[in-house]
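Student: Here's a sequence, model it:
(2 chains)
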Number of protein chains: 2
Amino acid sequence: MELYDLTLSGNCYKVRLFAALAQQKLDLIPVDFMASEHKTPPMLALNPFAEIPILVDGQIVLRDAQAILVYLACRYAGEAWWPGEAHLQGEVMQWLSVAANEIQHGPNTARLIVKFNLPANASLAKARSQHILALLNEHLDTRHWLAASRPTIADCAVFPYVALAEEGDLSLIDYPNVITWIDRVKQLPGFIDMPGLYRHGANQLSANERSSISGLI
Amino acid sequence: MELYDLTLSGNCYKVRLFAALAQQKLDLIPVDFMASEHKTPPMLALNPFAEIPILVDGQIVLRDAQAILVYLACRYAGEAWWPGEAHLQGEVMQWLSVAANEIQHGPNTARLIVKFNLPANASLAKARSQHILALLNEHLDTRHWLAASRPTIADCAVFPYVALAEEGDLSLIDYPNVITWIDRVKQLPGFIDMPGLYRHGANQLSANERSSISGLI
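Tutor: From the prediction side, this is the model:
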């Protein structure tokens, strides 16, 4: 299985993270994004949207990080990360939409502006980020995980750009439940890092919580 | 099953349309959006995002049109509209992400600006709309349906704001495959309308095509 990949892309990291958590092996094919390799004919043939990640699994070619997560979880990970029950799929899907919409146009865009000089409206990206971070914080006030009372692809889809928020000059200080959730995700067995992830407060989980996480997967 | 609904919302129409196509009965509860009813405490208790549609099915409460489509299709419509195979779920999911991201921030936003005076960047919404309409047109050059070679919830999720594009002062004239696809969706058994949908060219399908569609569902 090949993943067309960029180390600094949170969208690519969603896939790398999930594959690591679900113990799936990916062959990473680095794409020279800065040289616009994603816009060359061979890459456009794989993904006309001119974006990465792209997953190639034999004859199957998929774009969009959320779609790749659904595929990998459904095909290779049983129902652990992508439940079979309709209402739980709905719960997870709510957060896949948040990843594609509110996170993409909030913390992701804020980071692209600060880190990669994307010409976009910084105050709008900041306002959108604060809005979704507040909703996330409220949601996580009574839950350990975003959906289905266990770690799912919803967490994998939302985690990267939230944990990278500080690279977009967004403080997480007002969102303590989000910080705790970031730490919780980091404790998942098989977790892998990427450059720029939020650091403060790691390893704050109780032994009990850590063992209950281990039991879930 | 109750749907908190607004007639003029394309996101609500996604759910009404799918329920009609899949022969599921919804009790519609109109929300007075103009009076900000969606921001009142009882509505925020159902959906902290302060958005509609919201589906209530017994104890289950779901927000986000795409999540509601996944739930309804998975729970009530077998695999006809939401395939069980991993690669087909991935294919459908690609377009659910497009509905949540590119369509939301393209044709949906363009329409909100023109029709409801949303204060947003009109030229950005137009550029994003033209980008996704061109990609859709290219995709539909070799396909009748967005995913899985048959009508799925992908079509239901993308259709409304594309078919409402002219209400956002977006012409579809340069996207003939999109126009044909709109007509094709309109021919699906059980199809229901909403105010403002694209009109030109309806009923252009051949008798053969119409009968092959009927056979699919």
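Student: so where is chain A shaky, pLDDT-wise?
Tutor: Regions of chain A meeting the criterion pLDDT under 70 cover residues A:201-217.
Student: need the residues of it near chain B, please.
Tutor: Within chain A, the positions lying close to chain B (Cβ under 8 Å from any Cβ of the partner chain) are A:48-49, A:57, A:60, A:62-64, A:66-68, A:70-72, A:74-76, A:86-87, A:89-91, A:93-94, A:96-98, A:100-101, A:104-105, A:121, A:135, A:138-139. To be clear about C-beta, it is placed using only N, CA and C from the backbone, and glycine gets the same treatment.
Student: export stretch A:91-107 as CSV, just CAs?
Tutor: The C-alpha trace of stretch A:91-107 is given here as CSV (Å, rounded to 0.1, in the frame of the first residue of the first chain):
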residue,chain,number,x,y,z
GLU,A,91,-21.6,10.0,15.2
VAL,A,92,-18.1,9.4,13.6
MET,A,93,-19.3,11.0,10.4
GLN,A,94,-20.2,14.2,12.2
TRP,A,95,-16.6,14.6,13.0
LEU,A,96,-15.3,13.6,9.6
SER,A,97,-17.4,16.5,8.3
VAL,A,98,-15.9,18.8,10.9
ALA,A,99,-12.4,17.7,9.8
ALA,A,100,-13.3,18.5,6.2
ASN,A,101,-15.0,21.8,6.9
GLU,A,102,-14.4,23.6,10.2
ILE,A,103,-10.9,22.2,10.9
GLN,A,104,-9.8,22.7,7.3
HIS,A,105,-11.0,26.3,7.2
GLY,A,106,-10.0,27.0,10.8
PRO,A,107,-6.8,25.7,12.3
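Student: Distance of A:Asn117 relative to B:Val114?
Tutor: To B:Val114, A:Asn117 is 31 Å away according to Cβ to Cβ, to the nearest Å.
Student: ugh, wrong one, I meant A:Lys39
Tutor: A:Lys39 is 31 Å from B:Val114, where distance means Cβ to Cβ.
Student: Give me the more crowded residue out of these two.
Tutor: Comparing A:Lys39 with B:Val114 by other Cβ atoms under 10 Å in any protein chain shown, the one with more neighbours is B:Val114, at 16 against 11.
Student: tell me the SS of A:Ala127?
Tutor: helix (DSSP: H, G, I helix; E, B strand; the rest coil).
Student: should've said A:Cys12
Tutor: helix.
Student: Break chain A down into its structural domains.
Tutor: As given by automatic domain parsing, the domain ranges for chain A are A:2-76, A:86-216.
Student: CSV for those domains, including distance to B:Leu17?
Tutor: Formatted as CSV, these follow (distance: least, Cβ to Cβ, whole Å):
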stretch, distance to B:Leu17
domain A:2-76, 22
domain A:86-216, 17
